[in-house]
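Asker: model the following, please.
(one chain, ligands or ions: 1)
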Amino acid sequence: MEQIGILEGREKQIFEKKSGQNQEIDLSCDTTSLSGSVSQRACVFCGSRVVLYPVADAIHLVHGPIGCAAYTWDIRGAVSSGPELHRLSFSTDLKELDVIYGGEKKLYHSLIELIEQYKPKAAFIYSTCIVGLIGDDIDAVCRKVAEETGIPVLPVHSEGFKGTKKDGYKAACSSLMKLIGTGSTETISKYSINILGEFNLAGEAWIIREYYEKMGIEVVSTLTGDGRIDAVRRAHGASLNVVQCSGSMTSLAKDMEEKYGIPFIRVSYFGIEDMSKSLYDVAKYFSDRPDIMEKAKEIVSEEVKKLYPELQKFRKALTGKKAAIYVGGAFKTFSLIKALRSIGMSVVLAGSQTGNTEDYARLQEMCDEGTVIVDDSNPVELSKFILEKEADLLIGGVKERPIAFKLGVAFCDHNHERKIPLAGFIGMYNFALEVYQSVMSPVWQFAPRKGGNA
Ligand code: SF4
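Answerer: Reported below is the predicted structural model:
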């Protein structure tokens, strides 16, 4: 363990909150990953793919070699209440000859064939690294196909090498912006919202939508969980944008504010405190309707009454246990710290792939002394801090799971692959149960770090 060091060039992306010191966090973030560090962060293309993937009645065509499509096939387990076109993986499968002669014709023919066969409401065309290198004019192909087929065909400029995962989020948001504003807003109520940054991985969008609808609020669209093209087209008719995954969707919220004058608020649906606040903040915005706030209070009170006694059972067992968090967006980390505290656990490592300066300053404020804060980490660093800080649990996604299991540490998937909702009040119960079951499993006694020989 002592031999695990920090890569040269990574020192400024790691910060440890020391006791009794008046430190100012100056974390280097929003930069491209250090070459050779084997970053946990995904490429630009992957960033755009995860944002748009849940739009279920569109064709998603990856223009590039087959590896890019395979890498992102069914990348989010986003569930749909209707069509499931998003779960199919389409690629132009570019080969050596296409690199030499160009892939535009192949793209055109693939699109025509797919649209003819699947009759989608729209098509998203993703540029990958190789397309950026050979210079295919995907805009021109998309325009031509849109004219011939009569559906929106939207280029997503997401060449993998051209920045960080965040640039992929922006590319996805600018494609959505081309759709927004093209549908009718006639029947939309004044008391209406769009839910941004909720991807319906395990039905969370339905849970959240139900809370708001119970409060008497119309949900115009969910971007992009259980997404539908027609709903996206009329999203400009909502009165307020409620943004959860701020890293991926803030740029869209800002663009909508500028173009359509729709204000936005940032929320999180994880943990009792933040979930309740998400309902209250929306109710406050519609303050001319006091019944909306009354209803919000009623929902919170009913849910907390059911949940609180259950959480106490987990708290008893988990008090004193330590968690490490490494997730995509930093905003989720804030909620997770609060949620873990509510079940008696402390956080010893908090990191994200896409946090910014303000996010890390807030993390410094929230975290206990001794906590390591890390930006754009890699498996070696995560292993080092998990072992040094003696974490009992790692919360992350698919790429962090093997790190936890190899180290003999409990794991909770808080990302694309989970099948049980972790948002909303019911989600907090599911989260606490999963953490409890994993941390308290007897299997860890056999892990080498606990003296076992397994
Ligand atoms: S777009 Fe580039 S970096 Fe991303 S998966 Fe494809 S080849 Fe890899």
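Asker: how about whatever residue of the stretch 51-200 of the chain ends up closest to the ligand: what's its closest non-neighbour residue?
Answerer: Nearest residue of the stretch 51-200 of the chain to the ligand: Gly160, at 2.5 Å (Cβ to the nearest ligand atom). C-beta: built from backbone N, CA, C; applies to glycine. Excluding the flanking residues, the one nearest Gly160 by Cβ to Cβ, 6 or more residues apart in numbering is Cys43, at 3.7 Å.
Asker: swap in Lys321?
Answerer: Distances taken as Cβ to Cβ, 6+ apart place Asp392 nearest to Lys321, at 4.4 Å, with adjacent residues excluded.
Asker: residue contacts, the one you found?
Answerer: Lys321, Lys322, Ala323, Met345, Val409, Ala410, Val439, Trp444 (Cβ atoms under 8 Å, 6 or more residues apart in numbering).
Asker: what about the stretch 101-250 of the chain, any weak spots by pLDDT?
Answerer: Low-confidence segments of the stretch 101-250 of the chain (pLDDT under 70): 246.
Asker: where do the helices sit along it?
Answerer: With DSSP state H, counting those that start in this stretch as the criterion, the stretch 101-250 of the chain has helices at 104-118, 129-134, 138-149, 165-179, 204-214, 229-233, 246-260.
Asker: likewise for the stretch 351-454 of the chain?
Answerer: Using DSSP H, counting those that start in this stretch, helices in the stretch 351-454 of the chain cover 357-366, 379-388, 401-407, 424-439.
Asker: spit out the contact partners of the residue of the stretch 301-450 of the chain found nearest the ligand.
Answerer: Using Cβ to the nearest ligand atom, the closest approach of the stretch 301-450 of the chain to the ligand is made by Lys399 at 13.7 Å. Counting by Cβ under 8 Å, 6+ apart, Lys399 touches Gln40.
Asker: hang on, the earlier thing: want to throw the helices of the stretch 101-250 of the chain into a markdown table with distance to the ligand?
Answerer: A markdown table is the format used below for those (distance: least, Cβ to the nearest ligand atom, whole Å):
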| stretch | distance to the ligand |
| --- | --- |
| helix 104-118 | 15 |
| helix 129-134 | 3 |
| helix 138-149 | 14 |
| helix 165-179 | 9 |
| helix 204-214 | 27 |
| helix 229-233 | 24 |
| helix 246-260 | 17 |
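Asker: please report how far Ala317 lies from Asn200.
Answerer: Distance, Ala317 to Asn200, using Cβ to Cβ, to the nearest Å: 31 Å.
Asker: in terms of neighbours, single out the busier of the two.
Answerer: When Ala317 and Asn200 are compared for neighbours, Asn200 comes out ahead with 27 against 14, by other Cβ atoms under 10 Å.
Asker: number of residues surrounding the closest residue to the more buried one other than its chain neighbours?
Answerer: Nearest non-adjacent residue to Asn200, counting by Cβ to Cβ, 6+ apart: Gly225, 2.8 Å away. The tally of other residues near Gly225 (other Cβ under 10 Å) stands at 28.
Asker: ok, Gly225 to His86 distance?
Answerer: 11 Å.
Asker: list residues touching both of the two?
Answerer: Pro54, Ala78.
Asker: isn't Lys106 up against Asp98?
Answerer: Yes. Using Cβ atoms under 8 Å, Lys106 makes contact with Asp98 at a distance of 5.9 Å.
Asker: between those two, which is the more surrounded one?
Answerer: Asp98 (22 against 19).
Asker: what residues does the protein put near the ligand?
Answerer: Residues of the chain that fall close to the ligand, judged by Cβ under 6 Å from any ligand atom: Cys43, Phe45, Cys46, Gly64, Cys68, Tyr71, Thr128, Cys129, Gly160.
Asker: how much space between the residue nearest the centre of the chain and Gly36?
Answerer: In the chain, the centroid-proximal residue (Cα atoms, centre = their mean) is Cys245; its distance is 5.7 Å. As judged by Cβ to Cβ, Cys245 and Gly36 stand 29 Å apart.
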